[in-house]
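Colleague: attaching a predicted model along with its sequence, questions to come.
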Amino acid sequence: MAVAGANTSGTIDFRVVGEAGTMAVALVSRWARRYVAIAVAALVAAHVAMLVNAPSRAVVTLALSGFVLHVVFGKAYSLVPTYFDRELAAPRAMVVQLPLTALGVAGMAAAASFGSIPRVVGTVGALAWTAGVGVFVAALAWTVRSNPTGAETATGDGKAHLAGLDRTANAFVPVAVLYLVAGSYATAVAWNAAPAVDLLAGVALVFDGYPPRATHLLGAGTATLLVLALGARLWPRFLVVDPPRGAFVLALATGALGPVVLAATVPAGEFLVAGALLEATAIVAYAVAYGRCFRRSARRRVAFWSVLGGAVAGVVAVALGAWFAVVDLDGALVVAHRRVTLLGFLGLTVVGATFQFYPPTVGRWPYCTDRTASVAVTALASGVALQAVGTAGGLNSVETAGALVGLAGALGYGYLLAGAFATR
């Protein structure tokens, strides 16, 4: 039997009795690193795609499905069972899923990037992605089947005052998983790998094959909601502070509703403003909650600065989204919004989380230091900012410079993680 819990250093402590439990924990840990490795490769590829002006669909696929969601997958296999006071029922699901989702991303990105590649490659990629997601969802659903809302939280006695927030955060994890299922189906529809479905007789189309619907379901619905839910549990413990519960609960409640409204109404619709306001409320509330935790904490690790940068980028992203809803769409600003959201808010948050789980100083390679990590995070953040300014202002040289700086940051980030993985 294995019992796990997150400690204040950011690692996961496993106390295992029995050889089978030891092997399962080792498998989950080993494959989580492989998910992160695939994710880093996708992040580098996303920056290369931006440098060569690849279509936005390819960049989104690499940045969101390739980078952000593969880190989410790898860590969710350990965090979700832990937070739901359960053991992962099928550890080898990780082994089955990774080739499917990784090849799925590669197929969809390649088909979107190169006109010479038949569209069927993207269709097969979407099918592989959906199958991999099915494995992931089935493994987690079977694991928490006796505790589906997370009422049992495995909150230790020393953190009993956090039990209420932990239960609330857990309850939104299944919602994020539902968004993952919906977003994957919408992706399959967009690649002609599944039939379109009109859920509400034309009032709200979610599965009509329009790619931005899938992006909002996966990005705002799955990735962002998991950042809010898991963050409500992770950040107070990592920063060793008492969290602002009201701000986290407000972020979760509005963050659960906003994505479906946005997905159903983009690029324009009667309720688009409502969806934008819900999502803006969620991200601003989260930024306030994390900012207060950061300010109260005595810890100033590079990982926490990266997450803070992500929170600031999130506020910028929802401000742009609110502008689209209230005023009008602007093609250049749409690109800026997309990059600030995927590489700024989600990207910097994921980078910070991975540096907390895999500290840069663990690696024994040259330059595996906090200073190198600070340089990498600064480059990633600066790259996003330059790209946003360049795309919004029509300054191609600034946009290109941003992609180059971001690529350097992604390579530095990958080097530090590779050093940590090689040492472990």
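Modeller: Good, I have the coordinates. These figures come from a predicted structure and were not determined experimentally.
Colleague: thought V181 was touching V133?
Modeller: Yes. Between V181 and V133 there is a contact at 7.0 Å, judged by Cβ atoms under 8 Å. For the C-beta atoms, the positions are set from N, CA and C on the backbone; glycine is no exception.
Colleague: and A126, how many neighbours does it have?
Modeller: 27 (other Cβ atoms under 10 Å).
Colleague: surely it meets A193?
Modeller: Yes. Using Cβ under 8 Å, A126 makes contact with A193 at a distance of 4.2 Å.
Colleague: for the chain, just list every one of the strands.
Modeller: With strands called from DSSP state E, the chain shows them at 2-6, 12-16.
Colleague: quick one, grab the pLDDT at L257.
Modeller: Listed pLDDT for L257 reads 96.
Colleague: show me the contacts for the residue nearest to it when sequence neighbours are not counted.
Modeller: The shortest distance from L257 to any non-neighbouring residue, by Cβ to Cβ, 6 or more residues apart in numbering, is to L278 (5.2 Å). Neighbouring residues of L278 by Cβ atoms under 8 Å, 6 or more residues apart in numbering: 254-255, 257-258, 261.
Colleague: longest helix anywhere in the chain?
Modeller: Of all segments of type helix in the chain, defined using DSSP state H, the longest is helix 19-51.
Colleague: which other helices and strands contact that one?
Modeller: strand 2-6, strand 12-16, helix 56-60, helix 69-83, helix 93-113, helix 347-357, helix 396-423 (3 or more Cβ pairs under 8 Å, 6 or more residues apart in numbering; DSSP states H and E).
Colleague: can I get those in a markdown table with distance to R364, mean pLDDT and mean neighbour count?
Modeller: What follows is the helices and strands packed on helix 19-51, written out as a markdown table (distance: least, Cβ to Cβ, whole Å; pLDDT from 0 to 100; neighbours: other Cβ atoms under 10 Å):
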| stretch | distance to R364 | mean pLDDT | mean neighbour count |
| --- | --- | --- | --- |
| strand 2-6 | 25 | 42 | 18 |
| strand 12-16 | 22 | 40 | 15 |
| helix 56-60 | 34 | 95 | 22 |
| helix 69-83 | 23 | 95 | 25 |
| helix 93-113 | 26 | 97 | 22 |
| helix 347-357 | 17 | 96 | 26 |
| helix 396-423 | 5 | 96 | 20 |
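Colleague: ok, now which ones touch L62?
Modeller: Contacts of L62 (Cβ under 8 Å, 6+ apart): 42-43, 45-46, 49, 105, 109.
Colleague: and with 10 Å instead?
Modeller: Counting by Cβ atoms under 10 Å, 6 or more residues apart in numbering, L62 makes contact with 41-50, 54, 68, 105-106, 108-109, 112-113, 342.
Colleague: do L343 as well
Modeller: 43, 46-47, 50, 59, 63-64, 67-68, 310, 313, 350-351, 380-381, 383-384, 387-388, 402-403, 406, 409-410.
Colleague: go again with 6 Å.
Modeller: V384 (Cβ atoms under 6 Å, 6 or more residues apart in numbering).
Colleague: quick check: it vs L234, distance?
Modeller: 21 Å (Cβ to Cβ, to the nearest Å).
Colleague: and for D208?
Modeller: Taking Cβ to Cβ, one finds D208 at 36 Å from L234.
Colleague: looking at these two, which is more packed in?
Modeller: L234 (21 against 16).
Colleague: what score does that one have for pLDDT?
Modeller: Taking L234 on its own, its pLDDT is 94.
Colleague: before we move on, what about the one 4 residues further on?
Modeller: The predicted local confidence for F238 comes out at a pLDDT of 94.
Colleague: can you check the one 4 residues further on too?
Modeller: Per-residue pLDDT puts D242 at 93.
Colleague: tally of neighbours for it?
Modeller: D242 has 12 nearby residues by other Cβ under 10 Å.
Colleague: what's it sitting at in phi/psi?
Modeller: For D242, the backbone dihedrals (degrees, to the nearest 10) come out as phi -80, psi 120.
Colleague: distance check, it against T369.
Modeller: 32 Å.
Colleague: related to what we said a few turns ago, next, format the helices and strands packed on helix 19-51 as TSV and append distance to A229.
Modeller: TSV is the format used below for the helices and strands packed on helix 19-51 (distance: least, Cβ to Cβ, whole Å):
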stretch	distance to A229
strand 2-6	14
strand 12-16	17
helix 56-60	23
helix 69-83	9
helix 93-113	21
helix 347-357	13
helix 396-423	24
